[in-house]
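>>> Would you be able to build a 3D model of this:
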Amino acid sequence: MNINTKSEPASILVMVAHSDDETFGMAGTIARHVSEGDRVFGAYLTNGVSSREDAKKAIIDRELSANLAAKELGLEWIGKYDFPDNALDTIPLLDIIKTVEEVKKIVNPSLVYTHHFGDLNIDHKITFQATMTAFRPQPNETCQEIRAFEVPSATEYGVFGMQNAFVPNLYIDIEDFWDIKKATLEHYHTEMREPPHPRSIEGLDCLSKIRGMSAGLSRAEAFTILRKTLI
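Numbering: from 1, shown residues only. Model prediction:
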């Protein structure tokens, strides 16, 4: 069975707050989806760097990185939005929901990936909320499953009680796609850190092995299934 849990290729949406979240969180899974014939679309709400010094250059560099990462993975960026970085809480939630709904109409996905609700980063939290609202159950809804992924240095930093903890219930084998993930991370080299930071190659290597060992695998990326409908 394909990891989209269907027997035929599917339309997949990866809805993220920032370009780079897709790579840190689930590059191996994206590459595996593509290898299995799925069409994977991505959309980000903010570039992730506009709040920094020398933002103009950073924005240009980040878009180049996002395009190179997408090419490496086989991901198709369908939406690149410029909401303020690290400030999605200053935007009316309805505006963000409508943006996600625009993406939904274009992609019409059967499977959606987005952030974990308990992440420390405010943009991640709001992206989760907007995505869950845009894909709320409706008659004739084509989205049959929503999964949340973890982002190192955002998900594990955001635990304020067990009710917000990331507790995975889905592990996807990425042993054959780890090298692709490493290559994709190089395109976001400005976001990488030195060990023992979780966003180092060593940290991501350890995380993939720990998630794998939790499921009897060599390497894995972990997810929580937020909602699944069987038709």
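>>> Contacts for the lowest-mean-pLDDT helix or strand in the chain next, please.
Within the chain, no helix or strand scores below helix 55-73, which has a mean of 94 by mean pLDDT, DSSP states H and E. Helix 55-73 is contacted from outside by 19-20, 22-23, 27, 30-31, 34, 40, 42, 44, 47-50, 52, 75-77, 80, 180, 183-184, 187-190, using C-beta atoms under 8 Å, 6 or more residues apart in numbering. (Each C-beta comes from the backbone N, C-alpha and C, glycine too.)
>>> May I see the buried residues of the next helix or strand after that helix?
The helix or strand immediately downstream of helix 55-73 is strand 76-80, counting by DSSP states H and E. By neighbour count on 16 or more other C-beta atoms under 10 Å, the buried set for strand 76-80 is W77, G79.
>>> roughly how far out does the very next helix or strand once past strand 76-80 sit from the chain middle?
Once the chain leaves strand 76-80, the next helix or strand it forms, by DSSP H and E, is helix 93-107. Distance of helix 93-107 from the chain centroid (C-alpha atoms, centre = their mean, to the nearest Å) equals 16 Å.
>>> Tell me what angle helix 93-107 forms with strand 76-80.
Angle, helix 93-107 to strand 76-80, by axes from the mean of the first three to the mean of the last three C-alpha atoms, to 10 degrees: 150 degrees.
>>> Which of the contacts of helix 55-73 are buried? Put it as a PyMOL command.
If you want just the buried ones from the contacts of helix 55-73 in PyMOL, going by 16+ other C-beta under 10 Å, the selection is:
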select buried, resi 19+20+22+23+27+30+31+34+40+42+44+47+48+49+50+75+77+180+184+187+188
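>>> now the strands for this structure?
Remark: strands assigned in the chain by DSSP state E are 11-18, 39-46, 76-80, 111-115, 145-149, 170-173, 220-228.
>>> Give the partner strands of the longest one in its sheet and their orientations.
Strands adjacent to strand 220-228 in the sheet, as given by DSSP bridges, are strand 145-149 (antiparallel), strand 170-173 (antiparallel).
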